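Peer 1: predicted structure and sequence below. I'll ask about it afterward.
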Number of protein chains: 2
Amino acid sequence: MKFDDKIPIYYQIKQYIYKEIIINHLTPGSKVPAVRQLALDLAVNVNTVQRSLRELISEGVLESQRGKGNFVTTNPEILNNLRKNIVEEQLSLMYDHLASLQLTPDEMIQALTEYVNKRKETHHG
Amino acid sequence: MKFDDKIPIYYQIKQYIYKEIIINHLTPGSKVPAVRQLALDLAVNVNTVQRSLRELISEGVLESQRGKGNFVTTNPEILNNLRKNIVEEQLSLMYDHLASLQLTPDEMIQALTEYVNKRKETHHG
DNA sequence: CTTTGTGTACTAGTTTTCTAATACACTATA
DNA sequence: TATAGTGTATTAGAAAACTAGTACACAAAG
């Protein structure tokens, strides 16, 4: 896994696990790979993984069972909000950045529309 | 100035100066506040400011005149691309994040539209 | 009870970011 | 020439993030 060196690795791992849950690579109630295995897979230290998991557990996204493993929550409320929260966080980040450049909401939507169209063309060519 | 503790301060200062130029608080050819003054204003160390400026200078966004100050470039090409590049960087970041959550481009536009509408309502109330 | 696989805790150490202090170089002004 | 204001460079150190190794706790299976 490649990391952005401007953002703490533990934080990027959290985001990664959120995404794995959201896109159903990790299903509710299923077991997350063992911390040592995750550390190998992601090529980081066990403690860095552990820090990510600790926060996910405290948020209720994962549930720890000592000696058994960490499991994706089956709590419907948490699961339902997960995707919504992550998407909204991204939108909010972009909104704030572009608003500080004095773009209006309409200009943002237009800019995004043009951007995705440009990407479509590029990927066709 | 408040900083996001997950991103290097020197990098956030760079972004801040980009924005100041884009929204014309710093005009082409004008003098950027002295490094020591900037350090005071932003409540960070001179060297942290200096690192930001060094990169901006190497990018051609600022031009250094030893003993006189740092000045916003008057190079039209650099100035014209500045806003475009920053906006596109934000769009790209959001696009990649949401694409990894399996949102389609159309869903992104819809999500953004809903988000800005929600913000309008909130700000009205 | 032993072994294996798991999460957790602790201590130490490296790396990066940021801070701090200082010295030096150039410009303008008098 | 002296002084003040500016950018630049260097060195050292502090703080935070990350790594590394080890030990311990719990569960399951034999």
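Peer 2: Looks like it arrived, so ask away. Numbering: from 1, shown residues only, chains lettered A, B, ... in the order given.
Peer 1: drop to CA atoms for contacts and neighbour counts, all remaining ones
Peer 2: OK.
Peer 1: quick check: residues of chain A near DNA strand D?
Peer 2: Chain A comes close to DNA strand D at residues A:7-11, A:44-48, A:65-68, as judged by Cα under 7 Å from any atom of the strand.
Peer 1: of those residues, which ones also sit close to DNA strand C?
Peer 2: A:47, A:65-68.
Peer 1: looking at the residues you listed, which are in helices?
Peer 2: With helices taken from DSSP state H, the overlap with those comprises A:N47.
Peer 1: show me how far whichever strand or helix holds A:E63 is from its chain's centre.
Peer 2: Using DSSP states H and E, A:E63 sits in strand A:62-65. Using Cα atoms, centre = their mean, to the nearest Å, the mean C-alpha position of strand A:62-65 is found 18 Å from that of the whole chain.
Peer 1: partners of the helix or strand following it in the sheet?
Peer 2: Sequence order places strand A:69-72 as the next helix or strand after strand A:62-65, per DSSP H and E. Within its sheet, strand A:69-72 is paired with strand A:31-32 (antiparallel), strand A:62-65 (antiparallel), according to DSSP bridges.
Peer 1: name the residue closest to the centre of chain A, please.
Peer 2: A:Q15 (2.6 Å; Cα atoms, centre = their mean).
Peer 1: quick one on the thing from earlier: tell me the mean pLDDT for the strand holding A:E63?
Peer 2: The average pLDDT within strand A:62-65 is 94.
Peer 1: where in chain A is pLDDT low?
Peer 2: Scanning chain A for pLDDT under 70 picks out the ranges A:125.
Peer 1: what residues does it have near DNA strand C?
Peer 2: A:5-6, A:32-37, A:47, A:50, A:53-54, A:64-70.
Peer 1: mind doing that once more with 6 Å?
Peer 2: Within chain A, the positions adjacent to DNA strand C are A:6, A:33-36, A:47, A:54, A:64-70 by Cα under 6 Å from any atom of the strand.
Peer 1: from the residues you listed, which is closest to DNA strand D?
Peer 2: Nearest to DNA strand D out of these is A:G67 (Cα to the nearest atom of the strand; 3.1 Å).
Peer 1: so how many other residues sit close to the closest one?
Peer 2: 6 (other Cα atoms under 10 Å in any protein chain shown).
Peer 1: got the contact list for A:K120?
Peer 2: Residues counted as contacts of A:K120 (Cα atoms under 8 Å, 6 or more residues apart in numbering or on different chains): none.
Peer 1: so what's the backbone phi/psi at it?
Peer 2: Dihedral angles of A:K120 (phi, psi; degrees, to the nearest 10) stand at phi -60, psi -50.
Peer 1: quick one: it and B:E107, what's the gap?
Peer 2: 14 Å (Cα to Cα, to the nearest Å).
Peer 1: any residue of the longest helix seen in chain A touching chain B?
Peer 2: Ordering each helix of chain A by length in residues (DSSP H) puts helix A:76-100 first. Yes: using Cα under 8 Å from any Cα of the partner chain, we find that helix A:76-100 touches chain B at A:87-88, A:90-91, A:94, A:97-98, A:100.
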